[in-house]
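Engineer: Mind looking at a prediction? Sequence and model below.
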Amino acid sequence: MPRQITAFSNPLVKDVRALREKKGRRSQGMFIAEGLRILTEAREAGRLPAILFHAAGTAHPLLDALAAEVEAAHGDVIETTPDILHKLSGKDNPQTVLGVYRAFDTALERIDRSAAPLWIVAQSLRDPGNLGTILRTGDAVGAGGLILIDDCVDPFSVEAVRATMGALFTQRIATADWASFIAWLRSGEGELIGTSLKANQDYQQPSYGRPAFLMVGNEAQGLPADYEAECDTLVKIPMLGRADSLNAAVAMAVVAYEIINQWRR
């Protein structure tokens, strides 16, 4: 049976609320995910929350199944109020279900490059919405995961987790600085494909090898010149209108689908 928390002064409420900040997530090694749909996606991917909060009176077969699995795994199921859920999530209209998860291992060395033919690499990505779109697209194209290079948005922030719509739990995530990533990449097989407006090749020209590591740069600056120089293949997407570039997540999706469509053919 779930236990009840109805007081704002409860220490657990304070601890979970702290997870809205990066400092709190780092110190506790936990993060928040909201909504029954996202939590169900996580469950189907084999990840259960350590703590499951739900509003009193919430009834749904998926919630019942999730709560039963959390309890069977010795997790904590807590019935609470909409006001406390608002305090935990920071949203004016919070979801009626919220999960607290242990942060994933993001060590680059844990990536098995042979597990998938395509991997996405993002350098200095700053927008949580773009991160969410990239992870959802990676899931759609069957990528193995996302490698975040340099100073990227925290993939476990409330905004980023929400934007992934559950893809955070289906895609492997790694973080590294540029020097570590290049050393790791060159220690095995893999073609590094960069996107750049300065490239001479149209993105449909090359014949892409496997495994492919498709890299996009910062939303405003793109890839640094020395990073572009390290790429095995540098491609551009033609801009036929007045816009001078595409959104980073959209550009990644266009090239990713070209890569997998070549392989499908």
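Structural biologist: Good, I have the coordinates.
Engineer: What are the phi and psi values at Phe213?
Structural biologist: phi -110, psi 100 (degrees, to the nearest 10).
Engineer: residue contacts, it?
Structural biologist: Listed by C-beta atoms under 8 Å, 6 or more residues apart in numbering, the contact set of Phe213 reads 119-121, 147, 185, 190-193. (Each C-beta comes from the backbone N, C-alpha and C, glycine too.)
Engineer: what does Gln221 give?
Structural biologist: Ser124.
Engineer: how close does it sit to Ala122?
Structural biologist: Computed as C-beta to C-beta, to the nearest Å, the Gln221 to Ala122 distance reads 13 Å.
Engineer: what do you get for Cys152?
Structural biologist: Counting by C-beta to C-beta - Cys152 and Ala122 are separated by 6 Å.
Engineer: Need the residues touching each of these two.
Structural biologist: Leu131.
Engineer: what about these two, which has more around it?
Structural biologist: Shown here are Cys152 and Ala122; by other C-beta atoms under 10 Å, Ala122 has more neighbours (26 against 20).
Engineer: what's the spacing between the more buried one and Ile134?
Structural biologist: Distance from Ala122 to Ile134, by C-beta to C-beta: 6 Å.
Engineer: Check Ala249 too.
Structural biologist: Ala249 is 5 Å from Ile134, by C-beta to C-beta.
Engineer: Could you name every residue contacting both of the two?
Structural biologist: In contact with both Ala249 and Ile134: Val216, using C-beta under 8 Å, 6+ apart.
Engineer: What ranges does the chain have for its strands?
Structural biologist: Secondary structure of the chain by DSSP state E: the strands cover 3-4, 30-34, 51-55, 76-80, 97-102, 118-123, 145-149, 172-176, 191-195, 201-202, 212-216, 233-236.
Engineer: Would you single out the least confident of those?
Structural biologist: Mean pLDDT per stretch puts strand 3-4 lowest among the strands of the chain, at a mean of 88.
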